[in-house]
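Participant: Got a predicted structure here, sequence first:
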Amino acid sequence: MFWLNLAWKSAWSRKYSLSLVAVSVCLSVIILLGVQQIRTDAKQSFSNALSGVDLVVGPRGSQTDLLLYSVFQLGTPTQNMSYSDLQRIKQLPAVAWAIPIQLGDSFDGFPVMGTSIEFFKHYQSSGKGLSFQVGQAFEDPQANPNGLMQVVIGSEVAIAKKLKLNDTFALTHGHKAIEETVHTDHPFKLVGILKPTGTPLDRSVLISLEAFEALHIGWGMGLRPSAFDAKPDLQKDLPDMTELKPSELTAVWVGLHSRAAVFSARKAIESLRPNSTSVPLMAVLPGVALDELWQIVRVVENALIVIGALVAVCSLLAVVSVLLVGLSARRKELAIYRSLGARPASIFMTVAWETFLVCGVAIAAGVMGAQLLIFVFQDYLLQSFGIQTQNGWPGADAWYSIGLLLCCALLASTLPAWRAYRMSLSDGLNPPN
């Protein structure tokens with residue numbers, strides 16, 4: 001304990017120079033743990049994009065493609081499924097609910113999703129249902145035809161386009177916004193803005209299936225029909241709801257009464273015989289498919305961890321370098337220790353403890369600093385990057401990294417300690433001038 005107290009006081013006497021290298025170690029630990037925490041939370045947010053959905057159903061083909069265009073709105077489907085298949089899926093005993101998804105239009109680069117009012121009842125993110133910053137869900141057009149002109153947007157869309165409740169805007173047919181492809185004849189009124197979810201829903205524009213169909217009445221070859229040039233007043237001339245029944249869907253999200261029945265339900269859906277208007281179907285387990293999809297970016301996340309670890313190791317070596325350089329000026333101090341009865345082994349332990357204390361305090365400060373920064377920027381990460389961070393103690397990977405850093409600090413402390421030991425043997429009580 002005496003030598004430990006001596007090591008602390010010795011380090012404190014050089015607090016200004018050591019504090020700089022301690023700050024560098026602290027920052028490197030923040031970088032390493034921050035990268036690990038964000039990587040873990042990003043993967044969790046990615047996996048929770050459909051946390052309440054048991055199966056994603058679409059035309060038979062690639063599971064990855066189906067997930068990319070139906071969940072993340074990336075790419076385009078090669079074919080659609082029949083709307084009649086939705087009714088057949090709902091009739092299966094294991095199915096509790098089924099949400100239709102229709103894609104194809106956009107709003108200034110943000111994807112438009114046509115769906116039913118059931119979407120707001122059953123969709124979950126990280127095990128939680130949807131909630132609104134302001135407003136409410138669009139109304140069911142079957143109950144109130146005004147629902148044809150109502151739209152709900154994600155939080156990122158609202159921020160990027162500076163939209164507020166009751167604003168009106170037009171959507172674009174397809175993804176290229178030119179005059180001939182904008183649905184100026186059918187403006188929408190904003191009735192709800194969702195809270196951030198950390199999922200692709202934050203970048204989505206939601207309308208009803210009936211509204212999606214109403215947008216495309218009379219359209220052909222991706223161009224506005226000439227009859228729409230007059231821009232009829234939809235408030236007075238709403239189309240008949242029976243004419244707005246869709247014929248095709250992009251995908252269907254399915255929830256089951258029991259997750260134990262997921263494989264039997266999957267087999268039952270894929271066994272549905274296609275009729276004259278439908279195609280063979282495929283049912284995908286979103287959790288499994290999302291984990292496979294995450295492997296694509298695994299190389300990037302591993303590279304970030306390696307970079308963070310190298311930064312931390314370099315900072316530890318900086319502490320060792322400063323102490324090694326400072327040993328030449330401490331020869332008289334070491335000689336005084338020897339005159340007081342200290343053995344060379346005691347000199348070794350004192351310098352080793354001094355180095356380890358500096359590194360240990362810096363690592364501890366880095367751990368607390370990383371957690372504090374994640375807590376402070378939690379909302380910013382969610383709104384700007386869609387990463388839903390978790391508060392609390394570091395995870396298992398973080399603790400493993402912390403333990404590895406402490407081991408590296410202990411190993412690094414032996415270098416200046418061994419140098420001091422050799423100097424105490426060669427100098428004895430008469431250090432060179």
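Facilitator: Sure, I can see it. Numbering: from 1, shown residues only.
Participant: Where do the helices of the stretch 301-433 of the chain begin and end?
Facilitator: 331-339, 344-376, 378-385, 396-427 (DSSP state H, counting those that start in this stretch).
Participant: Output the contacting helices and strands for the second one.
Facilitator: Helices and strands in packing contact with helix 344-376 are listed as helix 2-13, helix 15-47, helix 298-327, helix 331-339, helix 396-427; criterion 3 or more CB pairs under 8 Å, 6 or more residues apart in numbering; DSSP states H and E. Backbone N, C-alpha and C define where each C-beta goes, glycine included.
Participant: Give the buried residues for that helix.
Facilitator: Within helix 344-376, the residues that qualify as buried by neighbour count (16 or more other CB atoms under 10 Å) are 344, 346-363, 365-367, 369-371, 374.
Participant: and the angle from that helix to helix 15-47?
Facilitator: 50 degrees (axes from the mean of the first three to the mean of the last three CA atoms, to 10 degrees).
Participant: Helix 344-376 - what's its average pLDDT?
Facilitator: Helix 344-376 shows a mean pLDDT of 81.
Participant: Give me the angle between that helix and helix 396-427.
Facilitator: With the same axes, to 10 degrees applied, the angle from helix 344-376 to helix 396-427 works out at 150 degrees.
Participant: angle of helix 344-376 against helix 298-327?
Facilitator: With the same axes, to 10 degrees defining the directions, helix 344-376 sits at 140 degrees from helix 298-327.
Participant: what distance separates helix 344-376 from the centre of its chain?
Facilitator: Taking CA atoms, centre = their mean, to the nearest Å, the mean C-alpha location of helix 344-376 is offset from the chain mean by 31 Å.
Participant: Check the last one too.
Facilitator: If you compare the mean C-alpha spot of helix 396-427 with that of the full chain, they lie 36 Å apart, counting by CA atoms, centre = their mean.
Participant: quick revisit: looking at the helices and strands packed on helix 344-376, which is buried most?
Facilitator: Most buried of the helices and strands packed on helix 344-376, by mean neighbour count (mean count of other CB atoms under 10 Å): helix 15-47, with a mean of 20.
Participant: right, and the helix or strand after that helix?
Facilitator: Later in the chain than helix 15-47, the nearest helix or strand by DSSP states H and E is strand 55-59.
Participant: Direction included, what does that following strand pair up with?
Facilitator: strand 251-256 (antiparallel), strand 281-284 (antiparallel) (DSSP bridges).
Participant: Excluding residues flanking it in the chain, which one is nearest T64?
Facilitator: Nearest-residue entry for T64: L293, 5.9 Å, with adjacent residues in sequence omitted and distances by CB to CB, 6 or more residues apart in numbering.
Participant: Now for that neighbour, how many residues are close by?
Facilitator: 18 (other CB atoms under 10 Å).
Participant: go on, Q295?
Facilitator: Neighbour number of Q295 under other CB under 10 Å is 8.
Participant: isn't there a helix covering it?
Facilitator: Yes - with DSSP: H, G, I helix; E, B strand; the rest coil as the criterion, Q295 is part of a helix.
Participant: and it, what does it touch?
Facilitator: By CB atoms under 8 Å, 6 or more residues apart in numbering, no residues touch Q295.
Participant: now the helices: where do they sit in the stretch 101-250 of the chain?
Facilitator: With DSSP H, counting those that start in this stretch as the criterion, the stretch 101-250 of the chain has helices at 119-122, 155-161, 209-215.
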